[in-house]
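# Okay, here's the prediction I keep looking at, along with the sequence it came from:
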Amino acid sequence: PIHSLSVLTSEEREQVLYTFNQTTKYWEEGSLQSAYARIIREYPSRAAVIQNGTRTSYQALAENAHAISATVRRTIQEPNALVAVLLPKSPALFAAIAGILESGCAFLLISAEWPDRRILDVLESSGSAALLTDFSVCSKDLASRADLPVLFAGRLPEQEPDPAIEGGLKISDEDLAYVVYTSGSTGKPKGIEITRRSLFQFAMAMAPVYGKGAVLSVCSVGFDAFLIESAAAMLNGRTIVLAGEGEEESPRALAGLIRGYAVGFLSITPSRLSAMLKVPEFRSAMRLMESIVCGGEAFPSDLLGQLFAYTHARIFNQYGPSEATIGVSLKLLNEAHRLTAGRPMPGCKLYVLDDWMNPLPIGVYGTLYIGGVCVGRGYRNAPELTAESFLENPFESGGRLYNTGDVACWTKEGEILLAGRKDRQVKLRGL
């Protein structure tokens, strides 16, 4: 058939399939467990989380995480089970993430802002083995209606180490790390499964982006972008500053946190950042930033001009669907001549293909597919949906592809230029 004929020379094919996708394989140099253990060992007294002026050190976080891990292991007998977490954004939430991973299980973060009906639906559809929560966000009615063991973070029993459990724990890089649910903007919310190897690779790829200052957490817990401010930040030993109640939507309050705690990193959607820049105090605080990462939406050129006027920070445009571990491409915009989504991040491979899965030349738009270690396992308990979007990679033996549904092309520099979606879906504030 005509569609099987290549429009590329062998050199062009080599370039768009392989040269543009040469990235670092961090997962060959370590693991999630080893990275976390190294941070606790090297920086025990460093503040892991700061909230309302209270500092929780990495050592204290590790002790709380170990208590959670011990309780989870005794409550759940099956290996690599999924533990749902319904907690307010607090040091306890960060200890829960670390403790569940330490236990060999995977976490599912549930936002306290979700209605009870959605929480119960997600608990059921995900097949969660337990719910870790707190009375401040989980009513007795919700706890009684949840058809699974409910663990309360503030009431965990003191556990003596059990050698049988401790010694019998086997954790693989291919085990599940977390499940995150989509917003459901195109139908019923879907749970996306991401492995430990994928999360570790993303965290290591973000290491040079964070800078030296603290990380300001402003993202909702229910989105995978929150992992930039939590799991990935902890795996890099960063200090995470949490806003108090009602402060996350207050540019003045956030400006105070930036100044007060030497914040250097912010990950945020462009529309939210644009709104906050209208407040003089926030604009002034931007001068203290080291790195600003924008994602979840198209990056408007006028926002870039504003940022250049208010900050000397490195400004990044990050692109990536939840199905491929948070972020798959990154572009430093400070000296850019063109606003693109950037090159593939380490561990990620990008492909611009036609309707017959043929690679397209530089400058020709097609469907963007993602390959590499960043690609998730698929949709939780939804094999038919998984088969529709997750495919075998014809360009890499044993590899898999995720069909993003986004329209894109390569630039001659090996960067991705996005041009909307095939289904005309519009994203606002990451939704």
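It's in.
# which residues of the stretch 151-300 of the chain fall in helices?
With DSSP state H, counting those that start in this stretch as the definition, the stretch 151-300 of the chain shows helices at residue ranges 163-167, 196-210, 226-229, 231-235, 251-260, 270-276, 280-285.
# now swap in the stretch 301-431 of the chain and tell me
Using DSSP H, counting those that start in this stretch, helices in the stretch 301-431 of the chain cover 301-310, 383-389.
# Reformat those as JSON lines; add distance to Leu120, mean neighbour count and mean pLDDT.
Using the backbone N, CA and C atoms, a C-beta is placed for each residue, glycine as well. Below are the helices of the stretch 301-431 of the chain laid out as JSON lines (distance: least, Cβ to Cβ, whole Å; neighbours: other Cβ atoms under 10 Å; pLDDT from 0 to 100):
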{"stretch": "helix 301-310", "distance to Leu120": "39", "mean neighbour count": "14", "mean pLDDT": "95"}
{"stretch": "helix 383-389", "distance to Leu120": "21", "mean neighbour count": "13", "mean pLDDT": "96"}
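# what's the closest of the ones you listed to Glu28?
helix 383-389 (26.6 Å; Cβ to Cβ).
# Phi first, then psi, for Arg46.
phi -70, psi 140 (degrees, to the nearest 10).
# hang on, the earlier thing: any chance of the helices of the stretch 151-300 of the chain in TSV, with mean neighbour count too?
Output for the helices of the stretch 151-300 of the chain, formatted as TSV (neighbours: other Cβ atoms under 10 Å):
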stretch	mean neighbour count
helix 163-167	9
helix 196-210	23
helix 226-229	26
helix 231-235	25
helix 251-260	18
helix 270-276	18
helix 280-285	18
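# Distance to Asn381 added to those helices, as TSV?
Formatted as TSV, those follow (distance: least, Cβ to Cβ, whole Å):
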stretch	distance to Asn381
helix 163-167	27
helix 196-210	19
helix 226-229	22
helix 231-235	23
helix 251-260	38
helix 270-276	32
helix 280-285	42
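# Out of these, point me to the one whose mean pLDDT is lowest.
Mean pLDDT values for the helices of the stretch 151-300 of the chain show the minimum at helix 163-167, a mean of 54.
# list the helices and strands the helix or strand where Ala48 lies packs on?
Ala48 is located in strand 47-51, with elements delineated by DSSP states H and E. If you count contacts as 3 or more Cβ pairs under 8 Å, 6 or more residues apart in numbering; DSSP states H and E, strand 47-51 packs onto strand 54-57, helix 58-75, helix 91-102, strand 240-242.
# got the buried residues for the second one?
Which is helix 58-75. Residues of helix 58-75 classed as buried: 58, 60-62, 64-73, 75 (neighbour count, 16 or more other Cβ atoms under 10 Å).
# Next: the first one.
Using 16+ other Cβ under 10 Å as the test for burial, strand 54-57 gives 56-57.
# Alpha carbons only: can I get that strand in PDB?
C-alpha atoms of strand 54-57 as PDB (Å, rounded to 0.1, in the frame of the first residue of the first chain):
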ATOM      1  CA  THR A  54       7.200  24.100  62.100                       C
ATOM      2  CA  ARG A  55      10.000  22.200  60.500                       C
ATOM      3  CA  THR A  56      10.000  18.400  60.100                       C
ATOM      4  CA  SER A  57      13.400  17.000  59.500                       C
END
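# so how far is that strand from its chain's centroid?
23 Å (Cα atoms, centre = their mean, to the nearest Å).
# Can you give the contact residues for that strand?
Contacts with strand 54-57, where a contact means Cβ atoms under 8 Å, 6 or more residues apart in numbering, come from 44-50, 91, 94.
# Please pick the buried ones from the residues you listed.
46-50, 91, 94.
# With respect to Tyr310, which of those residues is nearest?
Closest to Tyr310, out of all of those and judged by Cβ to Cβ, is Ile50, at 24.4 Å.
# who are the neighbours in contact with the closest one?
56, 214, 239-242, 261.
# Next, count neighbours for Asp355.
8 (other Cβ atoms under 10 Å).
# any idea how far it is from Gly366?
8 Å (Cβ to Cβ, to the nearest Å).
# cool, and Trp356?
Trp356 is 10 Å from Gly366, by Cβ to Cβ.
# These two: which has the busier surroundings?
Between Trp356 and Gly366, Gly366 has the larger neighbour count (other Cβ under 10 Å), namely 20 against 9.
# That one is in contact with Val352, isn't it?
Yes. With contacts counted by Cβ atoms under 8 Å, Gly366 reaches Val352, the gap being 4.6 Å.
# Give me the common contacts of the two.
Common contacts of Gly366 and Val352, defined by Cβ under 8 Å, 6+ apart, comprise 360, 408-409.
# What about those, which one has the most neighbours?
Busiest of the shared contacts of Gly366 and Val352 [other Cβ under 10 Å] is Ala408, holding 23 neighbours.
# which residues of the stretch 51-200 of the chain score low on pLDDT?
By pLDDT under 70, the low-scoring segments of the stretch 51-200 of the chain are 158-168, 184-187.
# The strand holding Ala48 pairs with which strands?
Looking at strand 47-51 with DSSP bridges, its partner strands are strand 54-57 (antiparallel), strand 240-242 (parallel).
# can you put the ones you listed in JSON lines and add distance to Ile416?
JSON lines is the format used below for the strands paired with strand 47-51 (distance: least, Cβ to Cβ, whole Å):
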{"stretch": "strand 54-57", "distance to Ile416": "39"}
{"stretch": "strand 240-242", "distance to Ile416": "30"}
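# Which helix or which strand is home to Glu120?
Careful, residue 120 is Leu; it's not Glu. Judged by DSSP H and E, Leu120 forms part of helix 116-126.
# Pull out the buried residues from that helix.
Applying 16+ other Cβ under 10 Å to helix 116-126 flags 118-119, 122-123, 125-126 as buried.
# re earlier: how about the helices of the stretch 301-431 of the chain in a markdown table, adding distance to Cys294?
Output for those, formatted as a markdown table (distance: least, Cβ to Cβ, whole Å):
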| stretch | distance to Cys294 |
| --- | --- |
| helix 301-310 | 8 |
| helix 383-389 | 25 |
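# looking at those helices, which is closest to Pro149?
helix 383-389 (26.7 Å).
# for the closest one, packing partners?
Using 3+ Cβ pairs under 8 Å, 6+ apart: helix 383-389 touches strand 378-379, strand 400-410.
# And for Ser144, the neighbour number?
When neighbours are counted by other Cβ under 10 Å, Ser144 comes out with 9.
# and it, which of the three is it?
Here Ser144 is recorded as helix under DSSP: H, G, I helix; E, B strand; the rest coil.
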